[in-house]
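In: sequence below, structure please.
(one chain, ligands or ions: 1)
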Amino acid sequence: MTRHILVIRLGSLGDVILTSPAVLNLKIAHPGSKLVFLTKERFGEVARMIPGVDEVRTIPERIGSTDLYRLVLDLDRTNFDIVVDLHGNFRSWFVRTLLGSSQSNVYPKRRLERWLIVHRKQFPREDQHTIDLYNALISRNGLPTPSRRPILMIADPNQNHFMRSRENVVVIAPGAAHENKKWPIERFSEVARALHRRFGSKIAWVVTRDDAGIHNLDSLPEGSFVELVDAPIPTVAEVMAGARLSIANDSGLAHLSSAVGTPVIAVFGPTHPALGFAPRGLFDVVAEIDEYCRPCSLHGKTPCFRTERFCMTRLSTNDVLERAVRLFESPVNVERALFVDRDGTIAVERHYVSNPDEIELIPGAAQALRRARDAGFKIVVVSNQSGVARGHFGIDAVERTNARLRSLLRNEGVEPDLMLYCPHHPHGSISGYSFACACRKPAPGMAEQAAIELGIDLRRSYVIGDKIDDVTMASVMGGSAILVRTGYGSDSEARLSGLVQPRGLAVCDNLAGAVDEILKRS
Ligand SMILES: [Zn+2]
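Out: This is a model prediction of the structure:
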């Protein structure tokens, strides 16, 4: 029987985006379920981009209690098995309570902790990111939470003009929900001009109607500046996805950039990352300065009590520019990779391989990897080796087996750029290895490590493997996947239909077929 899940987050833009890891985790934990997302009308478009969302229901900006009651009655016909309230306000309580599902989860807002940060400047020893609070709600029921960074589905990167052409675009988003949170607009302009002079960047100025027309970038040559005023979110997302980086305030657009895989520099003034709303992409940066009065409110609404907004005015153009230059000069999103599973994909599947002599290449695998490398792909082997946590063998055995595989591949003229493995398992028996780590597939830790070391663009990369966890890792990292029928592949194929499917998912007979398919597409 199909399980029905309702997730409630009514707004705002940034908060809806921050629910995406929890939504994806819920859907991964309940394959075949139907997930409905309830939000306000103007966030419907962004909710539709969250992987795992099957249907979006919206409520108008202003809704009377009669209409709200009518909506709940309508929702109630679905008989939701699980209701997850990630909003925790009166209206979400109203919906949740009337629906009376068997399993109801409410996001704990940690009001006291946040109050202490704002009013007493008492910072907790460890930052509690809102994403982790959302996820804690899900793991409380014993479910794994491999997704920990916001993710929105963008169209095929090969179809996105900006991503395909690798144009040098910088998105500037100078708006914010509250006036207090806005870094002076002239400084955004100065940074834009400096990036244009230094790197020849084109500037995409993304603004709401209220912020429009107050910039001064007339000095940029024709064709190097575009202004998007009140553009639909999916359009802004496409432009952002193709940009080198974005520069924004602590705002929903900062999270949008992060969630489509483009690093963002987010300027924080009256708010503070310790409150749990900082962008969390792999390469995201917060630009801020120390000022005793920070943070002065949770969301930046409280008017400044000092003679000047020092938290903003003391953050110079150069402070932000330096961070942008550093991002420009480091390898971010430049390479494409194949993340290839080891056992059952490159090497013949055997139960817990620990003896190097047991490694045997699947026919055609080495040649396929060579073709992919020659076409410009980085080759990264990613392997779950929970045998270590379970006490079947030690790290040294994994290292020896990997070394053997590397030498077999080298003899065939191809060597992986990286060989990574996860020795952990949440229910292992060996201490030090038995916990819910961030690198066991489907968690994307190994792919992220490779992205940092090799400058890999995860959105334009593929995971190839024989297990559901390989396919799911592609969803969590925002890339594509090919399932191979070798190893456990045939069993996995039968379970594909209930999954959150990553972009461009295909099933091929083996690694050679998978590489052919990928090369055909690119
Ligand atoms: Zn691990």
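In: from the ion, how far off is Arg326?
Out: 29 Å (CB to the ion, to the nearest Å). No exception for glycine: its C-beta is placed from N, CA and C like everyone else's.
In: I misspoke; the intended subject was Ser461.
Out: Going from Ser461 to the ion by CB to the ion gives 20 Å.
In: same thing with Leu298?
Out: On the measure of CB to the ion, Leu298 and the ion end up 34 Å apart.
In: quick one: secondary structure of that residue?
Out: The assignment at Leu298 comes out as coil when based on DSSP: H, G, I helix; E, B strand; the rest coil.
In: what sits against it?
Out: 114, 118, 271, 275 (CB atoms under 8 Å, 6 or more residues apart in numbering).
In: again, only using 6 Å
Out: By CB atoms under 6 Å, 6 or more residues apart in numbering, the contact set of Leu298 is 114, 118, 275.
In: in JSON lines: these, plus secondary structure and pLDDT.
Out: Putting the contacts of Leu298 into JSON lines (DSSP: H, G, I helix; E, B strand; the rest coil; pLDDT from 0 to 100) gives the following:
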{"residue": "Arg114", "secondary structure": "helix", "pLDDT": "83"}
{"residue": "Val118", "secondary structure": "helix", "pLDDT": "83"}
{"residue": "Leu275", "secondary structure": "helix", "pLDDT": "90"}
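In: check which helix or strand covers Asp127.
Out: Assigned by DSSP states H and E, Asp127 falls within no helix or strand.
In: does it really touch Ala274, like I thought?
Out: Yes: counting by CB atoms under 6 Å, Ala274 is a contact partner of Asp127 at 5.3 Å.
In: and the two? Which one has more around it.
Out: Between Asp127 and Ala274, Ala274 has the larger neighbour count (other CB atoms under 10 Å), namely 21 against 14.
In: measure that one to the ion for me?
Out: From Ala274 to the ion the distance is 27 Å (CB to the ion).
In: kindly report the same for Glu399.
Out: Distance from Glu399 to the ion, counting by CB to the ion: 15 Å.
In: in the one helix or strand that residue maps to, what counts as buried?
Out: Assessed by DSSP H and E, Glu399 sits inside helix 395-411. Of all the residues in helix 395-411, those buried under the rule 16 or more other CB atoms under 10 Å are 397-398, 400-402, 404-406, 408-409.
In: also stretch 306-322?
Out: Across stretch 306-322, burial judged by 16+ other CB under 10 Å covers 309-312, 315, 317, 319-321.
In: show me what that stretch is in contact with.
Out: By CB under 6 Å, 6+ apart, the list of residues contacting stretch 306-322 reads 183, 187, 190-191, 194, 269-270, 287, 289, 291, 294.
In: buried subset of those residues?
Out: Those of the contacts of stretch 306-322 that meet the buried threshold are 183, 187, 190-191, 194, 269-270, 287, 291, 294, by 16+ other CB under 10 Å.
In: any chance of those in CSV, with pLDDT, distance to the ion and secondary structure too?
Out: CSV is the format used below for the buried ones among the contacts of stretch 306-322 (pLDDT from 0 to 100; distance: CB to the ion, whole Å; DSSP: H, G, I helix; E, B strand; the rest coil):
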residue, pLDDT, distance to the ion, secondary structure
Trp183, 95, 39, coil
Arg187, 94, 42, helix
Glu190, 93, 44, helix
Val191, 96, 39, helix
Ala194, 95, 42, helix
Gly269, 92, 37, coil
Pro270, 93, 38, coil
Ala287, 97, 32, strand
Glu291, 92, 39, coil
Arg294, 90, 36, coil
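In: of those residues, closest to Lys301?
Out: Checking the buried ones among the contacts of stretch 306-322 against Lys301 with CB to CB, the nearest one is Pro270 at 8.5 Å.
In: what does this structure put close to the ion?
Out: Within the chain, the positions near the ion by CB under 5 Å from the ion are 422, 424, 437, 439-440.
In: could you dump those residues to CSV with pLDDT?
Out: Formatted as CSV, the residues of the chain next to the ion follow (pLDDT from 0 to 100):
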residue, pLDDT
Cys422, 98
His424, 98
Cys437, 95
Cys439, 97
Arg440, 98
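In: so which of the residues you listed is the closest to Ala29?
Out: Arg440 (14.8 Å).
In: I'd say that closest one and Cys422 touch.
Out: Yes: using CB under 6 Å, Arg440 is in contact with Cys422, at 4.5 Å.
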